[in-house]
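> Sequence below, structure please.
(chains A, B, C, D, E and F)
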Number of protein chains: 6
Amino acid sequence: MRENKIKSAWRDDKVTYGGWLSIPSAFSAEVMAHQGFDWLCIDMQHGVIDYQVAVTMLQVIGTTDTMPFVRVPWNEPGIIGKMLDAGAYGVIIPLVNDREQAEAAVRACRYAPEGARSYGPTRAAYYAGSDYASHANREIACIPMIETKTAVENLEDILSVPGIDAVYVGPADLSLTLGLPPRMDHDDETFQSARIKIASTCRERGVTPGIHASATLAPKHVEAGYRMITISSDVGAMAGAASEHLRSLRDVDASGRPAYS
Amino acid sequence: MRENKIKSAWRDDKVTYGGWLSIPSAFSAEVMAHQGFDWLCIDMQHGVIDYQVAVTMLQVIGTTDTMPFVRVPWNEPGIIGKMLDAGAYGVIIPLVNDREQAEAAVRACRYAPEGARSYGPTRAAYYAGSDYASHANREIACIPMIETKTAVENLEDILSVPGIDAVYVGPADLSLTLGLPPRMDHDDETFQSARIKIASTCRERGVTPGIHASATLAPKHVEAGYRMITISSDVGAMAGAASEHLRSLRDVDASGRPAYS
Amino acid sequence: MRENKIKSAWRDDKVTYGGWLSIPSAFSAEVMAHQGFDWLCIDMQHGVIDYQVAVTMLQVIGTTDTMPFVRVPWNEPGIIGKMLDAGAYGVIIPLVNDREQAEAAVRACRYAPEGARSYGPTRAAYYAGSDYASHANREIACIPMIETKTAVENLEDILSVPGIDAVYVGPADLSLTLGLPPRMDHDDETFQSARIKIASTCRERGVTPGIHASATLAPKHVEAGYRMITISSDVGAMAGAASEHLRSLRDVDASGRPAYS
Amino acid sequence: MRENKIKSAWRDDKVTYGGWLSIPSAFSAEVMAHQGFDWLCIDMQHGVIDYQVAVTMLQVIGTTDTMPFVRVPWNEPGIIGKMLDAGAYGVIIPLVNDREQAEAAVRACRYAPEGARSYGPTRAAYYAGSDYASHANREIACIPMIETKTAVENLEDILSVPGIDAVYVGPADLSLTLGLPPRMDHDDETFQSARIKIASTCRERGVTPGIHASATLAPKHVEAGYRMITISSDVGAMAGAASEHLRSLRDVDASGRPAYS
Amino acid sequence: MRENKIKSAWRDDKVTYGGWLSIPSAFSAEVMAHQGFDWLCIDMQHGVIDYQVAVTMLQVIGTTDTMPFVRVPWNEPGIIGKMLDAGAYGVIIPLVNDREQAEAAVRACRYAPEGARSYGPTRAAYYAGSDYASHANREIACIPMIETKTAVENLEDILSVPGIDAVYVGPADLSLTLGLPPRMDHDDETFQSARIKIASTCRERGVTPGIHASATLAPKHVEAGYRMITISSDVGAMAGAASEHLRSLRDVDASGRPAYS
Amino acid sequence: MRENKIKSAWRDDKVTYGGWLSIPSAFSAEVMAHQGFDWLCIDMQHGVIDYQVAVTMLQVIGTTDTMPFVRVPWNEPGIIGKMLDAGAYGVIIPLVNDREQAEAAVRACRYAPEGARSYGPTRAAYYAGSDYASHANREIACIPMIETKTAVENLEDILSVPGIDAVYVGPADLSLTLGLPPRMDHDDETFQSARIKIASTCRERGVTPGIHASATLAPKHVEAGYRMITISSDVGAMAGAASEHLRSLRDVDASGRPAYS
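Residues are numbered from 1 along each chain as shown, chains lettered A, B, ... in the order given. Next up is the predicted model:
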């Protein structure tokens, strides 16, 4: 079976940088896959992406060495199974808030006896290899999201579930449940201590801490111990650079409307 | 009929800045349409875009004030008609090298008696208004490309065809036919004089000169008289910013392969 | 944030007329969006429509003043979140039969602390505005369906859940659970009293009553107090008018087979 | 090979009524196919429909007795061949203005020795039967459009080309080339005499006259001798009935904007 | 309502042979539908198929006498309802392990009072007939999967739920939960006795036993009493024959890489 | 630039075996790409495949060592350019019957000064490498089809055009123009001598002869000198094996209808 280079990197405590995909297109995925990210995550929760186009994105990421991850829309075994069968090497699962939900997440990612994933890696076997059945439980990354106050409180309980490879912090949702506006970062002390505590608790338990971030925020997350860090996204990169191109040539009014200069 | 604000701007000798779309997705088009470009061009020639998805891109550009242009794959009346019926307000037509080809381009863009476009603005009438038939010949921009040595030689002949609103310079193809590598700009004298001559000849004839460029090159084109300038693209902006995000955090080897740092 | 004009109208006790979309096409949605409905509902439950095409339909409805609603296939937070992130301004949720299910529906529609919706309005922010996070809990309409005998019995309990803006009566399912054939209306007394009771109970609680209906049935629903009324549908309008066109020219036999007259 | 019931009907001088499809959806095509039209035409010229979705429409029309026709975007052998291979039983070809263009149209529709169509009915053989090769030249309808002043002048010349089964009048384009606004009908004498002359000339030559029309106009076309008459369309039926539903309930202002009554 | 010929065949204890579809394409489905299978199953669980393309596959299977079945990704009422509304005549439901899950499966497949399926057979009524509401509970096949050790232990309990027409054995998942590698068959005694026990228990209870198999395994399953047997698949047939074609002409090395012979 | 291994093999007079793709699906293409063919050809002429899905098929073939070829629908520079820009390494061009048409084919495949292909390898550069511009004229295979009596007569003239790498014989069309039914092979002497003459004439001119065939016919084509031989297809392999699976279990009547045995 094709090695999951990200899990290997995590075992060596290496930092892995990822890109985020919200555009439903195999071509934009291909462009992103050629930039050199360690992994790319197809976001089926907040991205504008559903199953059928996600498969073509997984296929095209497979033309490069970048590892394909998927964020599913919900902690639901049907879609987790579909994305693994389509070749995802890691599944990010939203809103895992307690031990029971963490167990459900693992169950959906692992074949018996470690879980209850149904067998049928119809496309995955082409990407991963014909010995997929024997190694998938070991190679596939199961990555619950820690993104609420409750989840932070239940973190040790969640991490005690066998089969969790990493957790992924969603700072916007975490902000909301802490009474803060939904942002990637805050000076706020509660937020910062949660951010740091998650990383250290994970590291103690041998689980890789991950976080949704940006290139600017990455260094401070690395310092806190995070090893799975999103540093760019298709939409963010495109919108940021395109608006910068325009701004360099003229003033755009606040509404973003064309000025017909 | 909805006014073609770009043609109005050109009449006032205003510079219009455009963005270029090669990703086949209504969502990435929507993101680009919110950046404030004067016009966006859906590239059906070299972009990864065909008719059916182009329609959804035209629809979503229509949620903003940005004007929708299309580059068709070839100077062929079937596809020109289809894109106009779908709501394009300007059609960029590749490789128009002589008067006869220019006449064909105009004929495909205009209803009788000015041309031979077939009537049936099935979607366009929703975007443009129910009085489309009366005003389309005036509002729609017909934009042949000047992108070969031959076309430059035949420029006056081409511009003498009534109904051409602008021309669009393709610097890469122009380079190739001048014996240069396909690039957006060259120091080469022949190239520079062609670039300047096209602009001045057009302006003398009352035709707006346009050119495929970048934010960096735009000022020098404005100075030469160009008033339709592509300054950014979905793929270029995305790839440029995403790779910059990565580069800021680590060295990527020349192959663009992930380093699993 | 773009105002939800339907919720404003409901606050003023105005009747709002809606259209129903079952055809998976952004173009047919665009045609319907230009007819002047107050709102259009993309039916992902019984309509032939899934996520990816629904997004293009939301985009194109956004070219008009008509407000975009969605009926999700099930009371499931994953798909509710996806449709809100895609720009739906109202979500109709099937088969809400008791207080617990109503709470789940609200939880999926509202950000913390009023609910548990996950943050990431990737497309919604383009349609609604960049201040979406601050106002979404107020502007988005959460609309459970009351469509079973059980739901009618539990109506007060359901309506006591904070955050419900309207309810939507499904007459066909209500018929079935009352032992009647699945139709839009019945003379049957039980059915009629349920229909009237729902409207009056809602109005007492400050919740807008809505119902799946037709242009013919609308006046009697208005009289009963309904303020959200479906009066037409893409399939119904098309099939009705097309068959009428044929019928006006010849007798068609009962099977609907062509007669090759 | 499955019989082309329309050609059989024409041989018996029977009127055939058709529906017009502009919505790119196999589901709306299926709805229309169940209304009982003799034939349905998938409009790839002015309809919002390209090859890939047109195939699914052809497939679903094949679940009924209604015969599938296609209007191609242009008199171009590549697309004519693709649509025949996909199972179209009739091809309407725009803007055939002289004998040479008519010969090109026939050549694209017929296998050698009668034409130069390339062999490979990959999907057609499933719909039509495995003996497609032997009978296709006889069963497939080749239908050039007569829709310009020039074409009317050249009509006898055009009809002298062997292999033309019917012609299809495009009244809007015919109007434009006669100096009239693009409409389905005109009181104008030139228009009327053209309309009548086409029918009578065709009938003399044994070619079936067809025309783009409506249920209202159909009887007068039948009287003039037309035997292939479009009487309804997906978009027209849907928009007409939906707006009528709204109008029955309230006044809509001229802009078609919702009134939030 | 169109008869479910498979349920009729089961009542007469006839064997029905099915094909399995994992390729997301209406054209490959059409090819398979013309081979003469009794039924075809669109696999939305492990197949690379989601709702929107599944509908086009259901439509095209409807051009033949082959009956359309669907395997849904999970025992979830939203997707079961969507596939039935799209015209599926049988629903195979994964991982039904106990009575409660079996009851949920039936509830999702049947209208009240036998279940809680929501009414709205938007496409199904075109395929099945306008009297769908009256007969669907009888004609639609509800087919839970028996594919775990637990399910085998609970089999009698599961079969006691009214409304189950057949069960479908998933040998690969059954293998995994029995501690065996995931394969279609095993010499292993535990596996064989489970396979035989399921068939005999089902037959005693009047429920048709079904199993995922191959043409080679089919005779032994028939002998054991199975009457719903998958004997081929789109991917398996294609890959098997294509690789055989290559192998007949050259040696391919173990990696399956081209040899550029 | 990625090497075109097929052109290298041809230079060494090696036989290359190809597979033929008519199913519009990136997944079925992926399955075929893992069987070990030297090249796969996406058939956009008679296959059920248009541009947008063809791109995803090119992408996924790019995950393997198999080389991606495309047959375009017609000798038209717009679509030839689009497919090359999408990453095709060889273009098979139908119905090239004389020197002029051969020159047009080459012109569409080569950049200036060898041709007039427009520059913009938007996706190709990701698959082929960033030095695409410098090497494309050498690596891309231009492959006109010889498939009519006229083309055979003009063969030397056609082969004298510089830039033709191979020709591809279409036996079905060749049959038709020779007055034979459209089949892959015939005992007929005229057919056989044409088949042999094409191969020998090509070999004398240094052009690789290719032919549409099957695994069974391949050895005799190899013997005649053909070095580009299609030996299998997605549809043929699937339909052949699936029907064989059924036939092994029961007699199917001639109509291919299910027997409900």
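> and A:D131, how many neighbours does it have?
As a burial measure, A:D131 scores 11 neighbours (other CB atoms under 10 Å in any protein chain shown). Where C-beta positions appear, they are placed from N, C-alpha and C, glycine not excepted.
> Give me the pLDDT value at the residue nearest to it when sequence neighbours are not counted.
In space, A:D131 comes closest to A:M1 once its chain neighbours are excluded; the distance is 5.2 Å by CB to CB, 6 or more residues apart in numbering or on different chains. Note for A:M1: predicted pLDDT of 96.
> isn't A:M1 right next to A:I140, touching?
No: with contact defined as CB atoms under 8 Å, A:M1 and A:I140 do not form a contacting pair (9.7 Å).
> Between the two, which has more neighbouring residues?
Set A:M1 next to A:I140 and count neighbours by other CB under 10 Å: A:I140 wins out with 25 against 18.
> which regions of chain A lie under the pLDDT threshold?
For chain A, the stretches with pLDDT under 70 are A:251-261.
> From the contact counts, what lies against the helix or strand encompassing A:G78?
Using DSSP states H and E, the element containing A:G78 is helix A:77-85. Under the contact criterion of 3 or more CB pairs under 8 Å, 6 or more residues apart in numbering or on different chains; DSSP states H and E, helix A:77-85 touches helix A:51-61, strand A:90-93, helix A:99-109.
> let's see 7 Å
Judged by 3 or more CB pairs under 7 Å, 6 or more residues apart in numbering or on different chains; DSSP states H and E, helix A:77-85 is in contact with strand A:90-93, helix A:99-109.
> quick one: that helix to helix C:77-85, angle?
Inter-element angle recorded for helix A:77-85 and helix C:77-85: 80 degrees (by axes from the mean of the first three to the mean of the last three CA atoms, to 10 degrees).
> who's in contact with A:M1?
Residues counted as contacts of A:M1 (CB atoms under 7 Å, 6 or more residues apart in numbering or on different chains) are A:A128, A:G129, A:D131, A:Y132, A:H135, A:E139.
> residues in chain A within reach of chain F, list them.
Residues of chain A found near chain F (CB under 7 Å from any CB of the partner chain) are A:A26, A:F27, A:E30, A:H34, A:T56, A:Q59, A:V60, A:G62, A:T63, A:R123, A:Y126.
> ok, the third one touching F:Y126?
Yes: under the criterion of CB atoms under 7 Å, A:E30 lies in contact with F:Y126, with a separation of 5.6 Å.
> Quick check: residues of chain A near chain C?
Within chain A, the positions lying close to chain C (CB under 7 Å from any CB) are A:22, A:24, A:45-48, A:50, A:52-53, A:73-74, A:76, A:94-95, A:172-173, A:176-177, A:181-182, A:235.
> if we can go back for a sec, for F:A166, find the nearest of the helices and strands packed on helix A:77-85.
F:A166 sits nearest to strand A:90-93 of all the helices and strands packed on helix A:77-85, at 43.5 Å, using CB to CB.
> Strand partners (parallel or antiparallel) of the closest one?
According to DSSP bridges, strand A:90-93 has the following sheet partners: strand A:67-71 (parallel), strand A:141-146 (parallel).
> re earlier: and the helix holding A:G78, how far from the chain's centre?
Relative to its parent chain, helix A:77-85 has a centroid offset of 15 Å by CA atoms, centre = their mean, to the nearest Å.
> and that helix with helix A:51-61, angle?
If you take the same axes, to 10 degrees, helix A:77-85 sits at 30 degrees to helix A:51-61.
> list the contacts for A:Q101?
Counting by CB under 7 Å, 6+ apart, A:Q101 has contacts A:N75.
> And the helices in the stretch 151-261 of chain A, which stretches?
A:155-159, A:171-177, A:189-205, A:218-224, A:234-247 (DSSP state H, counting those that start in this stretch).
> To chain E, which of those helices lies closest?
helix A:234-247 (21.4 Å; CB to the nearest CB).
> which residues are in contact with the closest one?
Helix A:234-247 is contacted from outside by A:21-23, A:28, A:32, A:252, B:17, B:19, B:28, B:31-32, B:35-37, B:215, B:231-232, B:234, B:237-238, B:240-242, B:245, C:122, using CB under 7 Å, 6+ apart.
> and what of stretch A:217-225?
A:15, A:184-185, A:195-196, A:199-200, A:203, A:209, A:211, A:213, A:229, A:231, B:249.
> re the thing from before, okay, the contacts of A:M1 in JSON lines with distance to E:K7 next?
Listed next are those as JSON lines, based on distance: CB to CB, whole Å:
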{"residue": "A:A128", "distance to E:K7": "39"}
{"residue": "A:G129", "distance to E:K7": "41"}
{"residue": "A:D131", "distance to E:K7": "40"}
{"residue": "A:Y132", "distance to E:K7": "36"}
{"residue": "A:H135", "distance to E:K7": "42"}
{"residue": "A:E139", "distance to E:K7": "43"}
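> quick check, nearest of these to chain D?
A:A128 (29.9 Å).
> isn't the closest one right next to A:N4, touching?
No: contact criterion CB under 7 Å: A:A128 and A:N4 do not qualify, at 9.0 Å.
> Just the buried subset of the contacts of A:M1, please.
Buried members of the contacts of A:M1, counted by 16 or more other CB atoms under 10 Å in any protein chain shown: A:A128, A:G129, A:Y132, A:E139.
> how about the residues you listed in JSON lines, adding distance to D:A108 and secondary structure?
Below are the buried ones among the contacts of A:M1 laid out as JSON lines (distance: CB to CB, whole Å; DSSP: H, G, I helix; E, B strand; the rest coil):
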{"residue": "A:A128", "distance to D:A108": "47", "secondary structure": "helix"}
{"residue": "A:G129", "distance to D:A108": "47", "secondary structure": "coil"}
{"residue": "A:Y132", "distance to D:A108": "48", "secondary structure": "helix"}
{"residue": "A:E139", "distance to D:A108": "53", "secondary structure": "helix"}
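> near chain B, from the residues of chain A next to chain F?
A:F27, A:H34.
> Which single one of the residues of chain A next to chain F is nearest to F:C109?
A:F27 (22.4 Å).
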